[in-house]
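Engineer: The following block contains a protein sequence and its predicted model.
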Amino acid sequence: MSEEIKKKFLYVNRKAPYGTIYALESLEVVLIGAAFDQDVSLAFVDDGVYQLKKDQDTSLSEMKNFSPTYRALGDYDVNKLFVEKESLEARGLTLDDLMNLTYEDEDDDWAEKSSIHVITRSELAKLMEEQDVILSF
Amino acid sequence: MLHTVNKSPFEKNSLSTCLSFACQGSDVLLFEDGIYGALKGTQFESEVTEALKKCQIYVLEADLRTRGMRKENLIDGIKMVDYGGFVDLTVNNNTVQAWL
Amino acid sequence: MKFSILVSEGPYQHQASDSAYLFTKAALEKGHEIFRVFFYHDGVNNASRLTVPPQDDRHIVNRWAELGKKYNLDLVVCIAAAQRRGMLDEKEAKRQGKNADNLNEGFRISGLGQLIEAGIQADRLVEFGD
């Protein structure tokens, strides 16, 4: 049944991590969803870009640091993480501030490539138009 | 695409973000607290009026009336729909994107 | 057309559950099919058997259960989100060693895969959240 249909799923993340649960529970959907062999992309817009910030240390806030989980996405064939350029710039961030998330491209001799793609709002808007199912967190 | 916005533009940037992502020919539905973005006389009126050039904007009548607003409070060009109309908007667009 | 509905917030705290309910009802009255209503994040609280809202206001949980019964809807509560928030059916309560369960009749607890399937199988997935 589900195996025959392949849809484009986009997970849109616009909220910062830890202040609310949306970032964590969004990631949980993505991980479970990975088993369904759909065409999955993630978008990080507005404060959502903060979810990928490196050096998250939750020892003093006593919350679980779930940022390492983003690193596992590559192993689940979730390797299209689109970060909106304008949201990064508005926050004074660059790609260097983000975690180094990679995957191994089986079509390119398992070469290690970046899963994060910084794209403009206009490029992301076009990508959104192509999606079949959009889940917002 | 049908874009839905349910938060007030005074509370969150969801309306502005939505309108900047909405492509030519999209539909936008303002409902719940999102109806405040549909009103004349606010600081968002010009932004919304500008957006009307590229997309059709709708407001859910139930949520408008619930908040003490009426048709005459709406920015010109914005259309009211009921829940049946909301359903039709989702049917007539390929995908729905909720801007929360 | 076949719809799946995602409810991402709890009853009363946000209007999301109300909007989702009225949308679902309107879709059904227009002759559309609802493949599944999936409750995630605080939305799992829409399945609580223990809510006691004021008598002169809508009973959100009962309303969903009644709509579900009338149209034979699949009202699914996410197990991971439910466990976090203390929403358990009888089986889960026993499994977790808890002395009570609180899932209202008409809802069932299941995994996140049901949400993905809901997106795959429906023509439209409509989300109500905050």
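Structural biologist: Here it is on my side, so go on.

Engineer: residues from chain B in reach of chain A?
Structural biologist: Neighbours of chain A within chain B, by CB under 8 Å from any CB of the partner chain: B:1, B:13-14, B:17, B:20-23, B:94-100. Glycine gets a C-beta too; all of them are placed from N, C-alpha and C.

Engineer: how about the strands in chain B?
Structural biologist: Per DSSP state E, chain B carries strands over the ranges B:2-5, B:27-30, B:56-60, B:79-81, B:96-99.

Engineer: Poorly predicted segments of the chain, please.
Structural biologist: In the absence of a named chain, chain A is used. Flagging of chain A using pLDDT under 70 yields the residue ranges A:1-3.

Engineer: hmm, 50 instead?
Structural biologist: Residues of chain A meeting the criterion pLDDT under 50: A:1-2.

Engineer: circling back to that earlier point, mean pLDDT, distance to A:Phe36 and mean neighbour count added to the strands of chain B, as JSON lines?
Structural biologist: Formatted as JSON lines, the strands of chain B follow (pLDDT from 0 to 100; distance: least, CB to CB, whole Å; neighbours: other CB atoms under 10 Å in any protein chain shown):
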{"stretch": "strand B:2-5", "mean pLDDT": "98", "distance to A:Phe36": "24", "mean neighbour count": "27"}
{"stretch": "strand B:27-30", "mean pLDDT": "98", "distance to A:Phe36": "29", "mean neighbour count": "26"}
{"stretch": "strand B:56-60", "mean pLDDT": "98", "distance to A:Phe36": "33", "mean neighbour count": "23"}
{"stretch": "strand B:79-81", "mean pLDDT": "98", "distance to A:Phe36": "33", "mean neighbour count": "17"}
{"stretch": "strand B:96-99", "mean pLDDT": "98", "distance to A:Phe36": "20", "mean neighbour count": "24"}
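
Engineer: circling back to that earlier point, filter the residues of chain B next to chain A down to the ones close to chain C.
Structural biologist: Okay, of these touching chain C (CB under 8 Å from any CB), that's B:Thr95, B:Val96, B:Ala98, B:Leu100.

Engineer: circling back to that earlier point, now the two most distant members of the residues of chain B next to chain A.
Structural biologist: Farthest apart among those by CB to CB are B:Asn13 and B:Asn94. That separation is 25.4 Å.

Engineer: what about the residue lying closest to B:Thr42 once chain neighbours are set aside, how many neighbours?
Structural biologist: Among residues not flanking B:Thr42 along the chain, B:Tyr36 sits closest, at 7.1 Å (CB to CB, 6 or more residues apart in numbering or on different chains). For B:Tyr36, the neighbour count with other CB atoms under 10 Å in any protein chain shown is 22.

Engineer: just C:Leu50 next, same as before
Structural biologist: 11.

Engineer: So which residues of chain A form strands?
Structural biologist: Applying DSSP E to chain A gives strands spanning A:8-13, A:39-44, A:81-84, A:102-105, A:111-114, A:116-119, A:133-136.

Engineer: Out of those strands, which gets nearest to chain C?
Structural biologist: Closest to chain C of the strands of chain A is strand A:133-136 (CB to the nearest CB; 4.0 Å).

Engineer: Which residues does stretch C:18-36 contact?
Structural biologist: The contact list for stretch C:18-36, computed with CB atoms under 8 Å, 6 or more residues apart in numbering or on different chains, reads B:6, B:31-32, B:62, B:82-84, B:86-88, B:91, C:1-5, C:7, C:37, C:58, C:60, C:63-64, C:67, C:71, C:73-76, C:114, C:117-118, C:121-122, C:126, C:128.

Engineer: and residue 16, what does it touch?
Structural biologist: Using chain A. With contact set as CB under 8 Å, 6+ apart, A:Ala16 has these partners: A:Ala23, A:Asp47, A:Gly48, A:Tyr50, A:Gln51.

Engineer: looking at chain C here, not the other one
Structural biologist: Here C:Ala16 is in contact with B:Asn6, B:Glu32, C:Val7, C:Ser8, C:Glu9, C:Gly43, C:Phe128, C:Gly129, C:Asp130 (CB under 8 Å, 6+ apart).

Engineer: now do 10 Å
Structural biologist: B:6, B:32, B:98, B:100, C:6-10, C:41-43, C:46, C:127-130 (CB atoms under 10 Å, 6 or more residues apart in numbering or on different chains).

Engineer: show me what contacts the most centrally placed residue in chain B?
Structural biologist: Central residue of chain B (CA atoms, centre = their mean): B:Leu30, 2.9 Å from the mean position. With contact set as CB under 10 Å, 6+ apart, B:Leu30 has these partners: B:3-9, B:15, B:18, B:36-39, B:48, B:57-60, B:63-64, B:74, B:78.

Engineer: quick one: it from chain A, how far?
Structural biologist: 16 Å (CB to the nearest CB, to the nearest Å).
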